[in-house]
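# any chance you can model this:
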Amino acid sequence: MFERLDAVPADPILGLMALYRADTDAKKVDLGVGVFKDARGETPVLQAVRQAEAAVLARQTSKTYVAPAGNAAFNSAMEKLVFGANHSVFAADRVRSVQGPGGSGALRLGSELIKLAAPKATVHVSTPSWANHVPLLSNTGLTLARYPYYDAGKGAIDFGAMCQQLSQLPAGDVVVLHASCHNPTGADLSQAQWQELLPIFRSRGLLPYIDMAYQGLGTGLDEDAYGLRLFAAELPEVLVAASCSKNFGLYRERVGVLHFVLDKPAAALNALSQEVRVARSLYSMPPDHGAAIVAEILGSDALRDSWVRELAGMRDRINGLRRRVVAKLAEVAPRRDFSFIAKQQGMFSLLGLSAEQVVKMRNERHVYMTEDSRINIAGLGEGNLDYFAQAVAHVL
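Residues are numbered from 1 along each chain as shown. A predicted model of the protein is given here:
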């Protein structure tokens, strides 16, 4: 039967990774894959993670299953990290959580829950958005639509157009929002803009589905969670998919969690029972190693302090690189304004190059980025920043 299957195009990111690995040029630059890199171009294991992992392994006496809902200590610790320890959802007993296999798995769990509760709801994602949002959310059978978000000409959010469209959506529709460090643009909603969105969601009866993949890599742990904490306090229902891949550096351990905040504790318990059954039918049990590491870090004052310092170092490196990229591009390509890069947050920015220019940079200068010209700022450094800027000037 399998001879009937046709080949499908490679995932854009995975295909780009393969091209980069096959390139033998010594000057090649990888700005495509979305992982943090230090000044040496490496994706390090954090010291807090090393220490927590050692403690987990020393104490561990079994590799038996945890539970379909995951590691309970991890789920609880992530609730406090995401919402803040004193958030009103805890006093009202409105939040429940299910550990997922990575942030992607958490997103899929949320889409399955939406499908169970409102199969005819339309899920709206930003233009542009992370490429994998579409298959993760639509493969459950949900209908997807787009709302305007980014004005590439201005290098900024088109907030007026965004609000206008959201104000016309029917009650019960779902809107996917990036909590911080918007992928792929790096253009984040301000606190004032989150506050302006709140009455739209309330009056239209919209469900916010907030993807938080980069908490702490934008402005800070609390600042990056401002919007979702506001919505969770003021709206009856909120879904949050959180990932520990970037801020804990646990990419391959696949650590994520879905939080759902519902109006009443009984509704939250019912939703939890549904999600446990969904998880059981998809993958049975989640992986525990990475979740145990995160629980260890967040449960220890010393390890948490160490992690917070390392996270601040990662954030400072990215923000510093943004300023240096703007200065270098202004030097070699003065007729093009790239100042927006320094105003954005997180690892990503869209350069605003055409697909043809992106391909030319790859073929002639061995600089790799996705065809929408998204670059991973953390892929730059002392050894390649000048070369990258000259490559941009070359295609311009």
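# who's in contact with the residue most central in space within the chain?
With distances taken as Cα atoms, centre = their mean, Ala213 lies nearest the centre of the chain, 2.7 Å away. By Cβ atoms under 8 Å, 6 or more residues apart in numbering, Ala213 lies in contact with Gly103, His178, Cys181, Asn183, Ala242, Ser243, Ser245, Lys246. In short, each C-beta sits where N, CA and C put it, glycine included.
# wait, the fifth one sits on Val255?
No: no contact is recorded between Ala242 and Val255 when judged using Cβ atoms under 8 Å, the distance being 9.4 Å.
# okay, these two: which has more neighbours?
The neighbour comparison of Ala242 against Val255 (other Cβ atoms under 10 Å) goes to Val255, with 33 against 28.
# angles on the backbone of that one, please.
When read as degrees, to the nearest 10, the backbone of Val255 gives phi -120, psi 110.
# Val95 too?
The phi/psi pair for Val95 (degrees, to the nearest 10) is phi -110, psi 140.
# tell me if I'm right that it and Glu79 touch.
Yes: assessed by Cβ under 8 Å, Val95 is found in contact with Glu79 at 5.8 Å.
# I'd assumed Val98 was in a strand, is it?
Yes: assessed by DSSP: H, G, I helix; E, B strand; the rest coil, Val98 belongs to a strand.
# identify the residues contacting the helix or strand that contains Ala393?
Counting by DSSP states H and E, the element that carries Ala393 is helix 385-395. For helix 385-395, contacts defined as Cβ under 8 Å, 6+ apart pick out 27, 29, 31, 321, 324-325, 328-329, 331-333, 351, 353, 357, 360-361, 364-365, 367, 380.
# filter the residues you listed to the buried ones?
29, 31, 321, 324-325, 328-329, 332-333, 351, 353, 357, 360-361, 365, 367, 380 (16 or more other Cβ atoms under 10 Å).
# sorry, back to before: ok now the helix holding Ala393, how far from the chain's centre?
28 Å (Cα atoms, centre = their mean, to the nearest Å).
# buried stuff in it?
Quick answer for helix 385-395 (16+ other Cβ under 10 Å): Leu385, Phe388, Ala389, Ala391, Val392, Ala393, Val395.
# repeat that for stretch 307-327.
Buried, per 16+ other Cβ under 10 Å, within stretch 307-327: 307, 310-311, 314-315, 317-319, 321-322, 324-326.
# quick check, Arg146 in contact with Thr127.
Yes: proximity of Arg146 to Thr127 meets the contact threshold set by Cβ under 8 Å, at 4.7 Å.
# which residues touch the lowest-mean-pLDDT helix or strand in the chain?
The helix or strand of the chain with the lowest confidence, counting by mean pLDDT, DSSP states H and E, is helix 12-22 at a mean of 82. Contacts of helix 12-22 with the rest of the structure, by Cβ under 8 Å, 6+ apart, involve 9-10, 28, 30, 32-34, 131, 362, 368-371.
# repeat that for 6 Å
Helix 12-22 is touched from outside by Asp30, Gly32, Val33, Tyr368, Thr370, with contacts defined as Cβ atoms under 6 Å, 6 or more residues apart in numbering.
# swap in stretch 119-136?
With Cβ under 6 Å, 6+ apart as the criterion, stretch 119-136 contacts 104, 107-108, 137, 142-149, 172-176, 183-184.
# just the ones of these in helices?
Judged by DSSP state H, the contacts of stretch 119-136 include Ser104, Leu107, Arg108, Leu137 as members of helices.
# contacting residues for the third one?
This means Arg108. Going by Cβ under 6 Å, 6+ apart, the list of residues near Arg108 reads Leu136.
# tell me the buried residues in stretch 144-164?
For stretch 144-164, using 16+ other Cβ under 10 Å, the buried residues are Leu144, Tyr147, Pro148, Tyr149, Tyr150, Gly155, Ile157, Asp158, Phe159, Met162, Cys163.
# find the nearest non-adjacent residue to the fourth one, please.
Which is Tyr149. Nearest-residue entry for Tyr149: Ser126, 3.7 Å, with adjacent residues in sequence omitted and distances by Cβ to Cβ, 6 or more residues apart in numbering.
# is the one you found in a bridge, and if so with what?
Tyr147 (DSSP bridges).
# count of neighbours near Thr127?
14.
# relative to Ala152, how far out is it?
Applying Cβ to Cβ, to the nearest Å, the value for Thr127 to Ala152 is 10 Å.
# can you show me the strands along this structure?
29-30, 95-101, 122-127, 143-148, 150-151, 156-157, 174-178, 207-212, 238-243, 255-261, 348-350, 367-368, 374-376 (DSSP state E).
# can you list those strands in TSV and add mean pLDDT and distance to Arg40?
Formatted as TSV, the strands of the chain follow (pLDDT from 0 to 100; distance: least, Cβ to Cβ, whole Å):
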stretch	mean pLDDT	distance to Arg40
strand 29-30	92	14
strand 95-101	96	30
strand 122-127	97	34
strand 143-148	96	39
strand 150-151	95	32
strand 156-157	94	33
strand 174-178	98	29
strand 207-212	98	28
strand 238-243	98	24
strand 255-261	97	25
strand 348-350	95	21
strand 367-368	93	18
strand 374-376	94	15
